[in-house]
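> Pasting a predicted model and its sequence here:
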Amino acid sequence: MNLQDLSIFKNQCLINGQWSSHSELIDVRNPADGKILTQVPYMDGIETRLAINAANHALSSWKSLTAYKRAEILMKWHDLVVARANDLATIMTLEQGKPLNEAKGEVLYAASYIKWFAEEARRAYGEIIPSEDNTKKIHVTKEPIGVCAAITPWNFPAAMITRKVAPALAAGCTIVVKPAMETPLTAFALLGLAQDAGVPDGVINVLTGDAKKIGAEMTSNPIVRKLSFTGSTSVGAKLMADCAPSIKKLSLELGGNAPFIVFDDANLELAASELIKSKFRNAGQTCVCANRIYIQKGVYKQFSEVFLEKVKQLKVGNGLEAGTNIGPLIDQKAVRKVRQHIEDALCKGASILIGGEPHSNSDNWFPPTVLLNANQTMQCANEETFGPLAPLICFDTIDAAIQMANSTEFGLAAYMFSENHRTIEKVSSRLEVGMVGVNTGIISTAVAPFGGVKSSGIGREGARAGLDEYLEIKYVCYGMGLS
Ligand SMILES: NC(=O)c1ccc[n+]([C@@H]2O[C@H](COP(=O)([O-])OP(=O)(O)OC[C@H]3O[C@@H](n4cnc5c(N)ncnc54)[C@H](O)[C@@H]3O)[C@@H](O)[C@H]2O)c1
Ligand SMILES: O=C[C@H](O)CS(=O)(=O)O
């Protein structure tokens, strides 16, 4: 592995400050060539319980630090992540496949969550409320919820971790993290830097292994008071049910299926450029990427032509190679899903404008593909494709566009392009989603509340809201004796 400092590379789990292996190991492969990068521990419920106990043991002293001290340690972590961004990006591209410039961007995005919550740590304000009875004083404070658990996906292996760990630590909580088996090395490297920054033993624990057994311990152990999950809706629903008996606080960042709506009065050059960014970031393996593209009939042909010229410029290749825009998908299962959505669409009347055929039948690349004459009956309009597929669907009226956009179970992100402020106001207010991009295809930032509605999840990450996810409100009523 071509790293500037090999010490950042770790392939062991972190429990109570100790990096440890296991009798069972599992391969970590490079999706670009299938080669084994290393092996990591395949742990289960037993080690998960040890990690939860370590987090519980570390809780009292961590939450007793002042918010300023916690913030100071978080900022040291932030500075180390930024200083090692190139090595972290290399590790991420090797295990996840995204182009190096995207990986570097994600590392800096991940670091921005650490900085944001280092600052927010000092603003966990309570309040004193005027009492209706002068024998009472009403004080409200915010306290850390306690031991937390986090389960994260492979598509953004750095940002999805700091979006949970940073607010948890800022609030005074401790945490046990289970990253995806496809991308554990980014997690180990990132959280190893937290240890270097002075995060005490047991405050952060990270383990890899049997997802079901690790998840079963996290959801059933009463010491865990909060679960934060990012991943598919189906897994999120199961974890939610498994947390019910112990009444845990939940954050669920789940699946998406973003509509991308281009109206007749849109700036077509802008809309096409923003669609390239939204659709093909991480080869389309992004929860907020444009999944279905609705174009008003007056500009359908013209927009398709403008968009096609931009798609032709995209370079498919190894993420480590300069100039690569689209790396490999994570695995063959992902490739099969894209092919399935294309075949289904062709059977239902769509045609291929560009792409359509996988790079080969053995590797994980898939070329950027655009479909003409797509419609609402197709799988690609109702399911998350999670690949470089852009189905172009024609619509007539504003109301028709809103109805189609709201027609799926998902409600994470949506995008609309119009130069008419009445259209913008009407459509953005009626879209059933947690986040709307108006005349932009990139909306993700640590300062804004990230999250969705319906089957896309519960709660928000980032912004002020992100800290509240790790805090509990305590109301203290002071009796002042007889009036
Ligand atoms: N809303 C968001 O912010 C957001 C961000 C990124 C990804 N996602 C979603 O995640 C999905 C893609 O990621 P994925 O394929 O890794 O999702 P996934 O649900 O298959 O896996 C996510 C995590 O859950 C773990 N997991 C799987 N089954 C489990 C179980 N039974 N018990 C405990 N843990 C279990 C996995 O090991 C992984 O760590 C997409 O649907 C995407 O939209 C959402
Ligand atoms: O997959 C969706 C993640 O949330 C990535 S990002 O926050 O949109 O960059």
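That came through, no problem. Bear in mind that the values here come from a model prediction, so they are computed numbers and not experimental data. Numbering: from 1, shown residues only. Ligands and ions are numbered 1, 2, ... in the order given.
> host element of the residue of the stretch 201-350 of the chain found nearest ligand 2?
Nearest residue of the stretch 201-350 of the chain to ligand 2: Cys287, at 3.4 Å (Cβ to the nearest ligand atom). Where you see a C-beta, it was placed from the backbone N, CA and C, and this is true even at glycine. Assigned by DSSP states H and E, Cys287 belongs to neither a helix nor a strand.
> Looks like it contacts Glu253 (just checking).
Yes: Cys287 is within contact range of Glu253, at 7.3 Å (criterion: Cβ atoms under 8 Å).
> Mind listing the shared neighbours of those two?
When contacts are counted by Cβ atoms under 8 Å, 6 or more residues apart in numbering, Cys287 and Glu253 have Ser456 as shared neighbours.
> how about the residues of the stretch 301-450 of the chain near ligand 2?
Counting by Cβ under 6 Å from any ligand atom, the stretch 301-450 of the chain comes close to ligand 2 at Ser444.
> Next to ligand 1 in this structure, residues from the stretch 51-200 of the chain, please.
Ile151, Thr152, Pro153, Trp154, Asn155, Phe156, Met160, Lys178, Ala180, Met181.
> Next, format the residues you listed as JSON lines and append pLDDT.
Below are those laid out as JSON lines (pLDDT from 0 to 100):
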{"residue": "Ile151", "pLDDT": "99"}
{"residue": "Thr152", "pLDDT": "98"}
{"residue": "Pro153", "pLDDT": "98"}
{"residue": "Trp154", "pLDDT": "98"}
{"residue": "Asn155", "pLDDT": "98"}
{"residue": "Phe156", "pLDDT": "98"}
{"residue": "Met160", "pLDDT": "98"}
{"residue": "Lys178", "pLDDT": "98"}
{"residue": "Ala180", "pLDDT": "98"}
{"residue": "Met181", "pLDDT": "98"}
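> which one of the residues you listed has the most neighbours?
Counting neighbours by other Cβ atoms under 10 Å, Met160 comes out on top of these with 31 neighbours.
> surely that residue meets Ala166?
No: Met160 lies out of contact with Ala166 (Cβ under 8 Å); the separation is 11.5 Å.
> Tell me how far Ala55 lies from Val199.
Note on Ala55: its distance to Val199, by Cβ to Cβ, to the nearest Å, is 12 Å.
> So between those two, which is more surrounded?
A count of neighbours by other Cβ under 10 Å puts Ala55 above the other of Ala55 and Val199, at 27 against 23.
> How about Val81, nearest residue that isn't a chain neighbour?
Spatially, and ignoring its direct neighbours in sequence, Val81 is nearest to Ala111 (4.3 Å; Cβ to Cβ, 6 or more residues apart in numbering).
> Helix or strand next in line after the host helix or strand of the one you found, which one?
According to DSSP H and E, Ala111 maps onto helix 100-120. Sequence-wise, the next helix or strand downstream of helix 100-120 (DSSP H and E) is strand 127-129.
> by contact count, what packs against that next one?
Contacting strand 127-129 under the criterion 3 or more Cβ pairs under 8 Å, 6 or more residues apart in numbering; DSSP states H and E are the following elements: strand 136-144.
> how about low-confidence regions in the chain?
Scanning the chain for pLDDT under 70 picks out the ranges 361, 483.
> Report the contact partners of the residue nearest the centre of it.
Nearest to the mean C-alpha position of the chain, by Cα atoms, centre = their mean, lies Met160 at 4.6 Å. Met160 is in contact with Thr152, Pro153, Thr230, Glu253, counting by Cβ under 8 Å, 6+ apart.
> Next, the closest residue to the first one other than its chain neighbours: secondary structure please.
I take that to be Thr152. Nearest non-adjacent residue to Thr152, counting by Cβ to Cβ, 6+ apart: Met160, 4.3 Å away. What DSSP: H, G, I helix; E, B strand; the rest coil gives for Met160 is helix.
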